[in-house]
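**Student:** Got a predicted model here, sequence first, then my questions.
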Amino acid sequence: MRRFFAAALAALAAVALTGCSHSGDGGERAVPEPELGTVAVNPATASIALPLDAYQDSAEENRRMDAVQDRLIVRCMARFGFTYQPPVATRAPTAGGAADRHQYLFGLADPRYAAAHGYDKDAGRPEPPKPRAPRLSDSAHTVMYGERPGARGQAGPDPRTQEEAERADSGLAVGGQRVPPGGCQRESYRRLYAPAKDSVDLLYAFGLTSEAHTRAQQDSRVRAVLAKWSACMGRAGYPGIGSPYEVVQELGLAADRGGPRAVRAAVADVACKREVNLVGVWAAAEAAYQRRLVEEHAETLALYKRQREERFRLAATLS
């Protein structure tokens with residue numbers, strides 16, 4: 001999954017997400033804002049559970065699926081007589097237990113972390129060294145990537161599903177065998193994430209999550225609490241900042257996110273969030289819009305969930 005996720009995210013980011021539905025005459029029809037339900041008071045982000053969390057892999061599950069994809073590559077390369085050893089990834093140390101998937105959903109929110117590290121998200125978690133890809137012969141390169149060495153920009157067919165790939169011709173052969181379109185790397189992805197024509201796109205749930213997040217930011221109750229947070233920041237000596245996502249850029253802290261200036265701003269930022277209950281209100285809105293989207297897309301999400309469980313069963317057979 002790591003091999004295609006970045007490109008897919010870039011494509012997804014280019015899609016305009018709006019919070020309005022359109023009427024048949026070309027005008028816009030306002031969609032009523034959903035009920036927020038119970039609004040927690042300054043909840044810890046680790047305690048926040050959102051409806052679409054159930055459809056997305058955790059960091060540990062992502063690592064597990066990466067390992068499964070590597071094993072599929074090994075099997076594919078072996079069909080052509082190549083012994084392939086995937087690079088061994090070094091895990092970054094994790095600070096204190098399970099990952100908090102919503103840690104920065106609303107900007108910085110942990111007062112202890114703000115006081116200790118400011119806006120430095122990587123403090124105490126050094127980046128692990130990137131594993132070196134094994135050296136491949138020209139023939140092995142062709143089998144792995146579905147292209148001759150040095151032939152970048154001359155990509156062959158790239159079927160969406162493995163079903164389609166079985167009928168496609170890459171135009172390449174090694175040792176008398178047809179190389180799969182995109183090579184073993186792409187085949188491993190299709191076998192895991194897009195085996196058949198009804199396979200739901202891997203980023204489907206992520207796309208809904210992004211849409212809910214956009215709609216929540218446009219919600220009047222979230223805009224109101226953001227205005228209160230901004231006013232609080234102004235009183236603390238940081239005027240003119242409209243969103244928690246803009247603090248680092250607006251204050252010129254990018255070059256030193258963990259320095260004294262950043263720590264002072266981060267402490268004020270989190271204190272203001274807590275004063276106006278920004279995380280509680282915003283999380284409630286996020287959940288409300290996710291619930292609405294889960295209801296609207298229930299059939300596809302059910303299929304997505306079944307296919308996700310099938311991937312986990314496949315992973316068990318390859319362990």
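**Tutor:** Great, that's in hand. Residues are numbered from 1 along each chain as shown.
**Student:** Helices of the stretch 151-300 of the chain, start to end?
**Tutor:** 162-167, 183-193, 204-218, 220-235, 247-250, 260-276, 278-296, 298-318 (DSSP state H, counting those that start in this stretch).
**Student:** helices and strands around the fourth one, which ones?
**Tutor:** For helix 220-235, the packing partners by 3 or more Cβ pairs under 8 Å, 6 or more residues apart in numbering; DSSP states H and E come out as helix 260-276, helix 278-296. Any C-beta I mention is one placed from the backbone N, CA and C, and that applies to glycine too.
**Student:** do the second one as well
**Tutor:** Here helix 183-193 touches helix 2-13, helix 59-79, helix 138-145, helix 162-167, helix 298-318, going by 3+ Cβ pairs under 8 Å, 6+ apart.
**Student:** Would you convert those into JSON lines that also reports mean pLDDT and distance to Val267?
**Tutor:** Output for those, formatted as JSON lines (pLDDT from 0 to 100; distance: least, Cβ to Cβ, whole Å):
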{"stretch": "helix 2-13", "mean pLDDT": "41", "distance to Val267": "31"}
{"stretch": "helix 59-79", "mean pLDDT": "94", "distance to Val267": "28"}
{"stretch": "helix 138-145", "mean pLDDT": "96", "distance to Val267": "49"}
{"stretch": "helix 162-167", "mean pLDDT": "95", "distance to Val267": "52"}
{"stretch": "helix 298-318", "mean pLDDT": "93", "distance to Val267": "40"}
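**Student:** Among these, show me which one is buried the most.
**Tutor:** helix 138-145 (a mean of 20; mean count of other Cβ atoms under 10 Å).
**Student:** Thr83: which of the helices and strands packed on helix 220-235 is closest?
**Tutor:** helix 278-296 (45.4 Å; Cβ to Cβ).
**Student:** Of all the helices and strands packed on helix 183-193, which one is nearest Gln177?
**Tutor:** helix 59-79 (7.0 Å).
**Student:** next structured bit after that closest one?
**Tutor:** The element immediately downstream of helix 59-79 (helix or strand, assigned by DSSP states H and E) is helix 111-117.
**Student:** Report the buried residues of that following helix.
**Tutor:** 111, 113-114, 117 (16 or more other Cβ atoms under 10 Å).
**Student:** packing partners for that helix?
**Tutor:** helix 260-276.
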